[in-house]
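*Asks:* Here is a sequence with its predicted model. Questions after.
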Amino acid sequence: MPIHSFFDMPTAAPDTIADVDTRPIFHAALEQARKWHSTLPAARAFCPWPQDLRWQPRDAHPLPAADLMCADPGLVKKAAAPLLAALQAIAPYVEWRHSYTAEEVGQKFLDTFGWFELAGPEGHFRSDQARITVGYWGPGLYYPRHQHPPAELYTIVSGTALFDADGAPPRLLGPGDTRVHAPEQPHAMTTSDQPLLALVFWRGAGLDASPRLSA
């Protein structure tokens, strides 16, 4: 690896997000996600931490959820504070996405919802062993019944929401709680007067699939 002196380094401040080297803060966020996974028995049981992770540059795609997640993440416990701070640090630089249209879920939902793939087939870190996403839902949102091929584990970083899945009793989840959804198991979620921030793991076939609303 070449050695650069201080005088080789650029002195001008970056003009745009594209000019910022975000790798350090993305690696810090990934490390905090790994630590979070290691502290949750349900996460360790659900899937091992992927061993094939490699940096995969992706363009930032801002959505309102980025600012909302930073301004109002909801109730958070001390154990999740480092992960929350790391996710907030990368929020302006991630490829935020929507899985649905306004016709499907309403404009209010889209105005206060967003997710990004930290690691996975199309993530900021490439992995074919697991998909690790971050989702933010604003207060008072109903996420309609939906399903997807891979099994899923929600881990709640901050906020609260009522989770409802076919064949399972509804359960109110808060910081540090987890919930597993089986492959193709329809499930829904309703946030309370707080938002919800979750780190979500997928395992199994179809890691690059999109969730679809259930019939």
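*Replies:* Ah, there it is.
*Asks:* Check whether residue 44 really touches residue 38, as I assumed.
*Replies:* Yes - the pair residue 44 and residue 38 passes the contact test of C-beta atoms under 8 Å, sitting 6.7 Å apart. C-beta: built from backbone N, CA, C; applies to glycine.
*Asks:* Select the longest strand from this protein.
*Replies:* Identified as the longest strand of the chain according to DSSP state E is strand 187-203.
*Asks:* neighbouring strands for whatever helix or strand comes next after that strand, and are they parallel or not?
*Replies:* Next along the chain after strand 187-203, taking DSSP states H and E as the criterion, comes strand 212-213. If you go by DSSP bridges, strand 212-213 pairs up with strand 142-147 (antiparallel).
*Asks:* Tabulate the CA atom coordinates of the partner strand in CSV.
*Replies:* The C-alpha coordinates for strand 142-147 follow below in CSV (Å, rounded to 0.1, in the frame of the first residue of the first chain):
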residue,chain,number,x,y,z
TYR,A,142,-49.7,1.5,9.8
TYR,A,143,-47.5,-0.8,7.7
PRO,A,144,-50.0,-3.1,5.9
ARG,A,145,-49.7,-6.9,5.8
HIS,A,146,-46.8,-7.9,3.6
GLN,A,147,-44.5,-10.9,3.0
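*Asks:* Tell me which other helices or strands the biggest helix by length in the chain touches.
*Replies:* Counting residues, the longest helix in the chain under DSSP state H turns out to be helix 23-39. In terms of contacts (3 or more C-beta pairs under 8 Å, 6 or more residues apart in numbering; DSSP states H and E), helix 23-39 is packed against helix 41-46, strand 54-55, helix 81-90, strand 113-120, strand 187-203.
*Asks:* tell me the centre residue of the chain?
*Replies:* Closest residue to the average C-alpha location of the chain: residue 134 at 0.5 Å, with C-alpha atoms, centre = their mean.
*Asks:* What are the contacting residues of whichever helix or strand it is part of?
*Replies:* Assignment of secondary structure by DSSP H and E places residue 134 within strand 131-137. Strand 131-137 has contacts (C-beta atoms under 8 Å, 6 or more residues apart in numbering) with 33, 50, 65, 68-69, 73, 87, 94, 112-121, 123, 143, 150, 159, 161, 189, 191, 195-203, 207-208.
*Asks:* if we can go back for a sec, looking at the helices and strands packed on helix 23-39, which is closest to residue 23?
*Replies:* strand 54-55 (6.4 Å; C-beta to C-beta).
*Asks:* same question for that closest one, mean pLDDT?
*Replies:* Taken as a whole, strand 54-55 has a mean pLDDT of 97.
*Asks:* picking that back up, which strand residues bridge the residue nearest to the centre of the chain?
*Replies:* residue 116, residue 199.
*Asks:* roughly how far apart are it and residue 32?
*Replies:* Distance, residue 134 to residue 32, by C-beta to C-beta, to the nearest Å: 11 Å.
*Asks:* and for these two, which residues touch both?
*Replies:* Jointly contacting residue 134 and residue 32 under the rule C-beta under 8 Å, 6+ apart are residue 87.
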